[in-house]
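Sequence first, predicted model second:
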Amino acid sequence: MSEINSTLSIAASGLRAQTARMKVIAENIANANSTSPNAGGNPYQRKIATFGQVLNRETGVNEVKMTKVVADKGEFKMRYDPSNPAADTNGYVKLPNVNSLLEAMDMREAQRAYEANLNVVESARAMMGKTIDLLRR
């Protein structure tokens, strides 16, 4: 049974990691069109979730965890809009370095990974239930 518990622990860590990743992606999408409140200032900068393995001392297995969120160092887009309050002295507005299509693809990938971990949890629970049924006989 401890193997099944380890499996559940690993899959649950995957669920938590993908949920955290989806939150970062949602923030990126929400700020895809925001500009700086100051003229010539930098707008929202895309964020990227990074993952690492962490040893769970209780179960003795390596689990996945979102280790940190880093700023994307990609360049900001520029648009000529001299009437915008965020425009610099040349009339250009810096736009976030967020690509909504890329974010949608990342969200889909996170969703697929979440679903895969959920399938592992469901399979492990079914195996545990069948094992308990066998032990009752």
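Thanks, I have the structure now. Residues are numbered from 1 along each chain as shown.

Model confidence score at Met1, please.
Met1 carries a pLDDT value of 44.

How far off centre is the longest helix seen in the chain?
Criterion DSSP state H: the longest helix present in the chain is helix 100-136. Distance of helix 100-136 from the chain centroid (CA atoms, centre = their mean, to the nearest Å) equals 17 Å.

what do you get for stretch 6-20?
A distance of 13 Å separates the centroid of the chain from that of stretch 6-20, by CA atoms, centre = their mean.

So for it, mean pLDDT?
Averaged over stretch 6-20, pLDDT sits at 93.

ok, the spatially most central residue of the chain to Leu101 distance?
Taking CA atoms, centre = their mean as the criterion, Arg21 is the residue nearest the geometric centre of the chain, at 1.1 Å. Distance, Arg21 to Leu101, by CB to CB, to the nearest Å: 17 Å. For glycine as for every other residue, the C-beta is placed from the backbone atoms N, C-alpha and C.

picking up where we left off before, could you pull out the buried residues of the longest helix of the chain?
Buried residues in helix 100-136, counting neighbours by 16 or more other CB atoms under 10 Å, are found at Glu103, Asp106, Met107, Ala110, Ala113, Tyr114, Asn117, Val120, Val121, Ala124.

ok, back up a step: let me know the helix or strand that the residue nearest to the centre of the chain is in.
helix 2-30 (DSSP states H and E).

Quick check: buried residues in the helix or strand just after that helix?
With elements assigned by DSSP H and E, the helix or strand that comes after helix 2-30 is strand 47-56. Of the residues in strand 47-56, Lys47, Ile48, Ala49 count as buried by neighbour count, 16+ other CB under 10 Å.

Now tell me what touches strand 47-56 from outside.
9, 13, 17, 20-21, 24-25, 27-28, 61-72 (CB atoms under 8 Å, 6 or more residues apart in numbering).
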